[in-house]
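Novice: Below is the sequence, then the predicted model.
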Amino acid sequence: MDLFEYQGKQYFSRFGIAVSPGDVADTVEQAVAVAERVGYPVVIKAQVKVGGRGKAGGVKLADNIDDVRLHAGNILGLDIKGHVVHRVWVERSSDIAKEYYASFTLDRQNKTHLGMLSAQGGVEIEVVAEENPDAIAFLQIDPVRGLDLATARRWVAEAELDEVAREQAAEMLVKLYDCYTTGDCDLAEINPLILTPDNKVHALDAKVTLDENASFRHPEWEEFRATETEDPREKMAKEKGLNYIGLEGTVGIIANGAGLAMSTLDVVNQVGGTAANFLDIGGGANADVMASAMEVINSDPKVRVIFVNIFGGITRVDEVAKGVLEALKRVSITSPIVLRLDGTNAIEGRAILAPHLNDNLITEPTMLDAARRAVDIANA
Ligand code: GDP
Ligand code: MN
């Protein structure tokens, strides 16, 4: 679960990480009230779960009440990369001498935690990685040993943070690591981590992703969940009990088994298409499940074709074929359907579908053929 910046900052505070005083506002008048309370100058920041708000006009400094009215008025309702701003964070503005970057995330390949630290913050870290990879100091951290202050001190020196910032930054990194581990984050990122002209180090931004697998030991995450705006497709899928993850492409995918579903995504990619979703209907590919799956995929306006990829094991393909026909009676589907049916009782299954095949209900003998056919339709 991704947090809004203000929630990330609240979370940081619990671990002793310094952030600026501020509060959220949903209206211009609330923004004014917060500004008057924290004192000018303030910075007004769009609360959307997407980066690059600064460039998009979602971060503005305000010296007085008129500025607050102007900027809060402009930012509230602003569309930033498809995310409409309903709430702003107003905090006391900081003077900035330097902008650094710091984050912790998981290094799956090395089975360690990965710290990234750079004296070149404020810009997207992907850009730094591209243009000046040596400017990032990577630190692999054994999860059993953790991160101690001595290591953090060596790390800030290696990253060439300004001398005056190093001790405070090292201490903050230890706290950020604590937040990342004890706080069960998948990502804890500060960009920029700033040095002020009077030599104070603190977090100006917060990007936190919580690890949902740990939610059982964090009842306090409930407040974060309350503000989550769920993908409507995922919400619908959850209500129907489906294992669905929404993606951005045009080929809707239904497969049985998580492994086959992932392979299906790969094959669609391989032949030049893009998947609209991951959907594993598991072993229970009966009419109910099939109808639910098609309904969810059909609700996605980007979908141009549905690729049903079934390999019958315990699931019998003749049952799946009946399920598909039954589902088509219940749901009116707007996209053509391409099926690849193989495995247990595949011949019987194909025979059941044979009389119903047309331009909108197509079978192909192999997974690759079916993927090609589906992608041809999607890209037509
Ligand atoms: P992002 O663009 O979504 O990552 O939003 P950030 O919170 O990182 O803000 C973007 C940029 O706005 C920062 O890199 C700073 O340069 C600037 N900024 C943010 N807060 C302040 C502040 O308190 N004072 C000043 N002077 N600049 C700020
Ligand atoms: Mn930022």
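Specialist: Received, thanks. Ligands and ions are numbered 1, 2, ... in the order given.
Novice: Quick one: name whatever helix or strand follows the lengthiest helix in the chain.
Specialist: Counting by DSSP state H, the longest helix found in the chain is helix 163-182. Moving toward the C-terminus from helix 163-182, the next helix or strand (DSSP states H and E) is strand 185-195.
Novice: what's the burial count for the closest residue to ligand 2 within the stretch 51-200 of the chain?
Specialist: Per CB to the ion, Asn191 is where the stretch 51-200 of the chain lies closest to ligand 2, at 4.3 Å. To be clear about C-beta, it is placed using only N, CA and C from the backbone, and glycine gets the same treatment. Applying other CB atoms under 10 Å, we find 24 residues neighbouring Asn191.
Novice: Please report the distance of it from Arg225.
Specialist: When distance is defined by CB to CB, to the nearest Å, Asn191 is 25 Å away from Arg225.
Novice: Likewise for Pro41?
Specialist: From Pro41 to Arg225 the distance is 34 Å (CB to CB).
Novice: And those two? Which one has more around it.
Specialist: Per other CB under 10 Å, whichever of Pro41 and Arg225 has more neighbours is Pro41, with 16 against 12.
Novice: Could you verify my assumption that the more buried one touches Ile65?
Specialist: No. Taking contacts as CB atoms under 8 Å, Pro41 lies outside contact range of Ile65: 11.5 Å.
Novice: where in the stretch 151-300 of the chain is pLDDT low?
Specialist: Within the stretch 151-300 of the chain, the stretches with pLDDT under 70 are 284.
Novice: Residue of it nearest ligand 2, please.
Specialist: Asp205 (3.6 Å).
Novice: Distance of that residue relative to Gly82?
Specialist: Per CB to CB, Asp205 is found 20 Å from Gly82.
Novice: Compute the inter-axis angle for the longest helix of the chain and strand 185-195.
Specialist: 160 degrees (axes from the mean of the first three to the mean of the last three CA atoms, to 10 degrees).
Novice: how much space is there between the residue of the stretch 151-300 of the chain closest to ligand 2 and Ala157?
Specialist: 24 Å.
Novice: next one: Glu230
Specialist: 44 Å.
Novice: So what's the residue count around the nearest residue to Ile136 once chain neighbours are set aside?
Specialist: Spatial nearest neighbour of Ile136, chain neighbours left out: Ser118 (4.7 Å); criterion: CB to CB, 6 or more residues apart in numbering. Other residues near Ser118 come to 26 when the count uses other CB under 10 Å.
Novice: which residues touch Ser118?
Specialist: By CB atoms under 8 Å, 6 or more residues apart in numbering, the residues touching Ser118 are 100-102, 125, 128, 135-137, 159.
Novice: tell me the contacts of the residue nearest to the residue of the stretch 151-300 of the chain closest to ligand 2 when sequence neighbours are not counted?
Specialist: Leaving aside its sequence neighbours, Asp205 sits nearest to Asn191 (CB to CB, 6+ apart; 5.5 Å). Asn191 sits next to 101-103, 121-122, 124-125, 205, 207 when contact means CB under 8 Å, 6+ apart.
Novice: quick one on the thing from earlier: wait, the residue of the stretch 151-300 of the chain closest to ligand 2 sits on Ile190?
Specialist: Yes. Assessed by CB under 8 Å, Asp205 is found in contact with Ile190 at 6.4 Å.
Novice: Which one of those two is surrounded by more residues?
Specialist: Set Asp205 next to Ile190 and count neighbours by other CB under 10 Å: Ile190 wins out with 29 against 23.
Novice: got the residues of the stretch 151-300 of the chain near ligand 2?
Specialist: Residues of the stretch 151-300 of the chain lying near ligand 2 by CB under 5 Å from the ion: 191, 205.
Novice: Narrow the contacts of Asn191 to those in helices?
Specialist: Under the assignment DSSP H, the contacts of Asn191 contribute Ile125 to helices.
Novice: Quick check: chain neighbours aside, which residue is closest to Lys207?
Specialist: Closest residue in space to Lys207, ignoring its immediate chain neighbours: Glu189 at 4.1 Å, by CB to CB, 6+ apart.
Novice: Could you report the neighbour count for the one you found?
Specialist: Neighbour number of Glu189 under other CB under 10 Å is 23.
Novice: In the beta-sheet assignment, what are the partners of it?
Specialist: Residues in a beta bridge with Glu189, per DSSP bridges, are Ser103, Lys207.
Novice: what's the distance between it and Ile17?
Specialist: Counting by CB to CB, the gap from Glu189 to Ile17 is 12 Å.
Novice: cool, and Phe216?
Specialist: Using CB to CB, Phe216 is found at 25 Å from Ile17.
Novice: and these two? which has more neighbours close in?
Specialist: Using other CB under 10 Å as the criterion, Phe216 and Ile17 rank with Ile17 on top: 23 against 8.
Novice: Assess the claim that the more buried one and Tyr180 are in contact.
Specialist: No. Counting by CB under 8 Å, Ile17 stays clear of Tyr180, with 10.8 Å between them.
Novice: what's in contact with the longest helix of the chain?
Specialist: Under the contact criterion CB under 8 Å, 6+ apart, helix 163-182 has outside partners 11-12, 14-18, 98, 100, 102, 104, 113, 115, 117, 141, 143, 146-149, 152-153, 155-157, 161, 185, 187-188, 190, 193, 195, 199-203.
Novice: Among those, which ones are in helices?
Specialist: Checked against DSSP H, the contacts of helix 163-182 include these in helices: 11-12, 14, 149, 152-153, 155-157.
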